[in-house]
Structure formats: C-alpha cells, structure tokens
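> predicted coordinates and the sequence they were generated for:
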Amino acid sequence: MGDSLGSDSVPIDKSRVLDIKPLRCLVPIFPTPAASSQSTPFAFVPPTGPFPPGAAQFFPFHAPSEQQRPVNEPNYERSYAIPIPSPVPLNSFRTPTPAPAPAPSPAPTPEANNGRPRGSKNYVVYEEVNNNNNNQSDGYENGFTIDTEDSSEVVRRKRKARKSVKGPQAAAVSNSEVDIDPLVNHLLKSFNLVDIDTHLQADSNHDLVQRVVMVYNLLRRKILQLDDAKGVIPGISRRADLRSGTILMNKGARANTKRRVGAVPGVSIGDVFFFRMELCLAGLHAPIMAGIDYLSFKVSGDEEPVAVSIVSSGGYEDDGDDGEVLIYSGQGGVQRNDKLMMDQKLERGNLALEKSLHRGNEVRVVRGLKDGTHLTGKIYVYDGLYKIHESWIEKGKSGCNVFKYKLVRVAGQPEGFMLWKSIQQWRDGVTTRVGVILPDLTSGAENVPICLVNDVDGEKGPAYFTYSQSLKYAKPYTSSKSSSCRCSNGCQPATNCPCVERNGGYLPYSTAGVLLSHNILIHECGPSCLCPSTCRNRVSQAGLKLRLEVFRTKNKGWGLRSWDPIRAGAFICEYAGEIIENGADSDDNYIFDSTRTFEPLEPVPTDEPVKAPFPLIISAKNKGNVGRFMNHSCSPNVYWQPILRENEGESYIHIGFYAIKHIPPLQELTFNYGIPRSEKMGPQKKKCLCGLPKCKGHFY
C-alpha cells in the first residue's frame, strides 16, 4: 500500500490517515458529576460566570447563568441587585485544543497592583514617540502615553532590554543615569532621603512627601539637561520622568509605602502633580499607567478586590464637570495593537469598583486637567475622597458596552477641583472675583492683567508706587569679556554657541521654559545676541505669563499668589526696582539685597554660602513690579536666581524668581529674605508670621 522509506521502514496505510478528522473539529467532553473512575489527562469544568450583561454563551462552554441581565434597555436599573460572586480565572480551564476567538468571559482574580492602563491589554509603559527632533521634551506632552507601535523592532528591543534588568542595577538604564549616580546620592543625602525610618516611610508626613517630590523634579530636570548636552535626540526611550522615578524607587526614596484605603498622610486636597510618577512616589496612586488602583482582601478564604484610588484624566468618556459628582468609565475595551473596540469586562479595576460599591469604602480621586499654558500638557489635582453610589452599563461612542460608575464627593472636605472651576469662571467672565479693587494694577504694562484683591478688611490698596516691568540701570557693570551668539533660530544645546558655553556647556532652560538646574549665575542672551526674542535662553525677558494677583493677607499686609498652577522650576517674575548704591533707608520694606546669604536649594560642591557675583541692592519702594509684594517665609515655595545679560562689554544683572516646587492656584508665593552678612548686621530682626512648622520666629 505504501512506498518503502528505507530498510527499517514500516508500511503505512494512507487511507486510514486520510479518514482522520482534524483535531480542531473535536469537541471536548465534560465529565458529569458521576464521573467514571478512569483518569483523564485534562480536567474540563464549565465556567459559571459572572458574564458581562448581554454576553452570549460561547463555544465550547454552554453553562447557563441566571445572573445575566439584558443590556441597554430604556429603563435599565442602574445598580446591581445581587452581590457578585468571586470570579473564576480563565487560566484554570485547561484544554488540549486551541481556544476559540475571545469573547466576554469570567473575570480573573485580580492582583493587588496590575499596573495596566484603563482600556489596554497590551501596552508599553516606558516608550513615547516624539516627532520633534529638534527640541528635548520636558515631559509636558502626554504625561504617560501609550505607544501603539507594538510591531516596531525598536520597541521590542527596548522592552526586552528593560525586562532583563532587575534589582539595583535597574537604575542604570542609560548613560545619563550612570553619569549622575554621584549626584543622585548627594541629592538623597542632602534632602535626608537615605535610610528613611521605616515607620515614617510607611505613614509619611507632609515634609517627607514634599522632599521626595522635590528631589524627583531636581533629578528629572538634571537628566534632561545632561541629555541636552550630549545631543540626544528625543525618541521613544528618552523619558526623564520615568527614568528619574525608577532611580528613586530603586534607592528606596519614596513616601507612604503602605497601601491603604482612604486619605494618604502628607498629601493635601488641592495638591498638584505634573507627572504620574509623582503620584506613585507620594503613595497617592500606585500604578504608573493604570487609572484604577485597588487592593485585594481575603473574604471567606477568597481574595476580593477593593478600589482605593482612580485617576480621571480624559482618556475615557468620564463626566466630572459638576465638581461634586464624577461619572467614571471603566477600564478595558480597546485592543491597542489594532485599535479594535470591544465590550468591557467585569474584571480587574472594574470588578474592584463594583466591590467598593457594595462595601461602601471611600475612594481617592485624582483629576487630570489640561495645562492651560501647554496645549498637550496634563496637570493632576488631588480632589479628595469619593464614594461609589451606583453603577451600570451603557453603549459608548464606539457602540460597545462600557461600565459606568457614579462617584459622589464626601461632604465637608476643602475645595479641590471646585476651586479650579471657580478660577475658570473668573477668566471667562461668568462670575466676578470677590473683593476686586483694581482689575489690573499694571495698567496694561504686563502681558496679562494682575488684579488687586481684598476680601479681608477695608484697606483700599498699597501705598502709591510707579509700576515698572524690569530693573532700571543707571550704570551697567563692566564686562572684561563679552561675546554674542549668532543663533538665528535660537540657541540649541550641544553646539558651539557662546551663550551655552558660558553656562558650563548646558542650556539653563528646557523647551518648556523650566529652569533645569540651579547655578550661582544664569547667563541669558543679551541685546547684542542675534537670536530671536523666543529663544530658549531668554525666558526671563519674555515678561509675565502667569495670571497673578496681589491680595490682602490676614496679618502680613499685601501678598502675591497665582490663579495658575506653577510647576517646579518655572519662572514667575523678576524683582524690579531701582539700584541702590549708598545703602537702603531703615524704613524701606521693599529691599532686595543680594549680598545676604541664602540656603541653596540644590546641593553645591562647596560649603560656602551662596552669594551673587555682584553686590546688587534693589529698592522697590517707589518703583517696582509685583515682586515687591512677595512676603518672607522660613519654608518658601519660591527662590531667586541672579541672571546676567551682556551687551558689548557691559553686564546687566537681574533677579529672577522661580518655583521651588509645584504650587497650586491661590497659594501664597513666598521666598526667604536671607541673612545679612556679619559685618553689616544693621537691619533689626522682625517677627516672622509665616506660621509654618519650621518657622524660625524672625527674619531681617
């Protein structure tokens, strides 16, 4: 019947082979409860649900479920009438045949932290494609975006290399991180983040949270600056926000390591974050990408997920304009490889939210808002605790079933998101700012109006002064060596630009206008430079970009604050006024003295106090700008930097104010006035009214 295949071959009956049916046509047989004693290599158990409402029974399982309910009926009941039983993981069903096409299925038992984004099954955490090859991103663009080019060989290679790195060595994933390892250790030591007390790290305070986030931003900006200097072209792996977070995680520099339900110690309602990694380091929301964070608790021997926090950042069809009520969309329903839309499943975060509905536990809510100063940026605002009141399923814009959860804000909490809504209404003219005395005290001198507000007492305004945008020089300093740049398209890093060389080979600012590192002196482009006014090295010369207001404080006279959130390192304003050469009057309360000593914000390689290169003393008593209204604080959120601009042998020094940390809207802006030198201790001590825990009780 068959051909010989060799001396040892056995004849084959081909007809018998042709009569055999393909394996995929065989239907597995499920054992009945009265199973025979014969042993089988596989155990087949039909699932019992729960299945997503409206899902059809799928082959090869045909077990009916009485818990299924019709979907999208006009009068659909928006709550689950019965508790949801513990889900059965799909991976417990073992079969020798290939599985059919995926269909709605029972939810697997979730882990405590799945780390997946809402609506994603296959996702990339670290990659981001940046099509702008000329500028280095400062992280404003997308926060944590998803790269859908999973077929890219570069992405696969990067992902494989990342998975192979484990333990402490995971921090060294780029040359930049290897170069800055001494700086990292010095930063951690300077901010007391080495060997943090385990109890304090588990239940942190405000001070520790602030220090962790501050070091994260200092490190992130330094990595950006190093990449700039090396001429690194932004691409899928240049994520300074993720790289700096990874380093701190591996070093153990983080806060609130104990996962919890409810409020997080050291984090206040209204606190702002500009990166998802900051939420993780502060212990507010653990997953780097996922919109739902949850824990697993054992209930009657089974693990049950409970939601602890959510991030509503606009990626899904959420509705939260009310301010007190948030309609939150569940996760899943998008196949990232081919953008295929499908019904969401009652699993992972969705199941955790459903369980929290029945348990009635509080859930932390972080709202992601658009950054008004950057079109594609995101700002994350902690809005406090909410409770889930009901849930339902509805058709989304794609036509697929989407889980919806109604969360209502717990009463009695300070304003969070509602404050942002109020400010937006002031901008749009929908409502009037209470207590406005002058809508613009600059009389149009600045790019944006600065209102004068008093809702405390009957004071009608500060003493008269002439508003001046910048510092007025009667005689500039002489510069022995001055060279101008010829960068017609603006100064660029990793070039022979003389302005870059004067800054130690680095550009001081990012493309977003954020100061990347704190030096003793910033060299900006001067009047004789050929670069345009939009040059990256002319940030302080562009004028005000923040909507500030001068307001009446309760016990410190007039102060300064902003309607806009301010990110760490952002330029706020300069200290304008008149230069004093013969000493200030004793009754002049609007003096800035650069000869005083100040505590450095960033650790420097010397123990010498930070001093300006020129003995500059400015009085804003008769002529000045909004900088004159900034009060003293022993724990300030603003610091000053000397800025030098040169012009054909002449040097002009200016004083710029920058944010030390992220500053929420309507939080007072303060800086440390410094300590006079020992040889000129003329000014008397004044009582400090900052009221902060680290208050020294006085200032000069």
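Right, received. Where do you want to start?

> hey, what's the residue nearest to Pro527 when sequence neighbours are not counted bridged with?
Nearest residue to Pro527, sequence neighbours excluded (CB to CB, 6 or more residues apart in numbering): Asn647, at 4.5 Å. From N, CA and C alone the C-beta is placed, and that goes for glycine too. Beta-bridge pairing of Asn647 under DSSP bridges involves Glu650.

> ok, Asn647 - contacts?
Pro476, Ser482, Ser484, Gly526, Pro527, Ser528 (CB atoms under 8 Å, 6 or more residues apart in numbering).

> determine the longest strand present in this structure.
strand 378-395 (DSSP state E).

> list the buried residues of it.
By neighbour count on 16 or more other CB atoms under 10 Å, the buried set for strand 378-395 is 378-386, 388, 391-393.

> quick one, domains of this structure?
179-258, 260-429, 464-542+572-662+669-699 (the TED database).

> separation between the nearest residue to Pro508 once chain neighbours are set aside and Ile655?
If the residues on either side of it in the chain are set aside, Pro508 comes closest to Ile522, at 5.0 Å by CB to CB, 6+ apart. Distance, Ile522 to Ile655, by CB to CB, to the nearest Å: 11 Å.

> mind checking pLDDT for Ser244?
On the pLDDT scale, Ser244 is placed at 95.

> which secondary structure state does it sit in?
What DSSP: H, G, I helix; E, B strand; the rest coil gives for Ser244 is helix.

> can you get me a residue count around it?
29 (other CB atoms under 10 Å).

> could you do Tyr477 as well?
Neighbours of Tyr477 (other CB under 10 Å): 15.

> can you give me the helices in the stretch 201-350 of the chain?
206-229, 240-251, 276-282, 348-359 (DSSP state H, counting those that start in this stretch).

> out of those helices, flag the one nearest Thr442.
Relative to Thr442, the nearest member of the helices of the stretch 201-350 of the chain by CB to CB is helix 206-229, separated by 30.3 Å.

> so can I have TSV of the helices of the stretch 201-350 of the chain showing distance to Ser594?
Shown next, in TSV, are the helices of the stretch 201-350 of the chain (distance: least, CB to CB, whole Å):
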stretch	distance to Ser594
helix 206-229	23
helix 240-251	31
helix 276-282	32
helix 348-359	53
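
> can you say which of the ones you listed is nearest to His632?
The nearest among the helices of the stretch 201-350 of the chain, by CB to CB, is helix 206-229 at 18.9 Å.

> in the closest one, which residues are buried?
Buried positions in helix 206-229, judged by neighbour count with 16+ other CB under 10 Å: 208-229.

> do stretch 309-327 as well
Across stretch 309-327, burial judged by 16+ other CB under 10 Å covers Ser309, Ile310, Val311, Ser312, Ser313, Gly315, Tyr316, Asp318, Gly320, Gly323, Leu326.

> now do the same for it: mean pLDDT, whole number.
Per-residue pLDDT values over stretch 309-327 give a mean of 82.

> list the contacts of that stretch.
Here stretch 309-327 makes contact (CB under 8 Å, 6+ apart) with 117-119, 143, 276, 279, 284-286, 291-293, 328-331, 353, 363-368, 370, 378, 380, 386, 396-397, 402, 404-409, 417-418, 421.

> now the nearest residue to Arg486 once chain neighbours are set aside: which helix or strand?
Once flanking residues are discounted, Arg486 sits nearest to Leu530: 4.8 Å by CB to CB, 6+ apart. Counting by DSSP states H and E, no helix or strand carries Leu530.

> ok, Met418 next?
Assigned by DSSP H and E, Met418 falls in helix 417-428.

> may I see the buried residues of that helix?
Quick answer for helix 417-428 (16+ other CB under 10 Å): Phe417, Met418, Leu419, Trp420, Ser422, Ile423, Trp426.

> tell me how far the first one lies from Pro449.
Spelled out, it's Phe417. Phe417 sits 25 Å away from Pro449, going by CB to CB.

> can you check the second one too?
Computed as CB to CB, the Met418 to Pro449 distance reads 24 Å.

> for the third one, same thing?
In this structure, Leu419 and Pro449 are separated by 20 Å, where distance is defined by CB to CB.

> can you say which of the contacts of stretch 309-327 are buried?
The buried subset of the contacts of stretch 309-327 - by 16+ other CB under 10 Å - is 117-119, 143, 276, 279, 284-286, 291-293, 328-331, 353, 363-368, 378, 380, 386, 396, 402, 404-407, 409, 417-418.

> what ranges does the stretch 251-400 of the chain have for its strands?
Ranges of strands within the stretch 251-400 of the chain are 272-273, 292-299, 302-312, 325-329, 334-335, 340-341, 362-370, 378-395, based on DSSP state E, counting those that start in this stretch.

> who are the packing partners of the second one?
Strand 292-299 is packed against strand 302-312, helix 348-359, with contacts defined by 3 or more CB pairs under 8 Å, 6 or more residues apart in numbering; DSSP states H and E.

> which of those sits closest to Leu616?
strand 302-312 (45.1 Å).

> worst-scoring helix or strand of this structure, pLDDT-wise?
helix 153-163 (a mean of 43; mean pLDDT, DSSP states H and E).

> nearest to Asp564, of the domains of the chain?
It is, among the domains of the chain and with distance given as CB to CB, domain 260-429, at 6.6 Å.

> endpoints of stretch 571-581, how far apart?
End-to-end distance for stretch 571-581, by CA to CA, to the nearest Å: 27 Å.

> could you pull out the buried residues of that stretch?
Residues of stretch 571-581 classed as buried by neighbour count (16+ other CB under 10 Å): Phe571, Ile572, Cys573, Glu574, Tyr575, Ala576, Gly577, Glu578, Ile580.

> give me the three-state assignment for the nearest residue to Ser484 once chain neighbours are set aside.
Closest residue in space to Ser484, ignoring its immediate chain neighbours: Ser528 at 4.2 Å, by CB to CB, 6+ apart. Under three-state DSSP, the three-state class of Ser528 is coil.

> which residues sit in contact with Cys497?
The contact partners of Cys497, taken as CB under 8 Å, 6+ apart, are Cys485, Cys487, Cys491.

> would you double-check that the last one falls in a strand?
No. Residue assignment for Cys491, taken from three-state DSSP, gives coil, which places it outside any strand.
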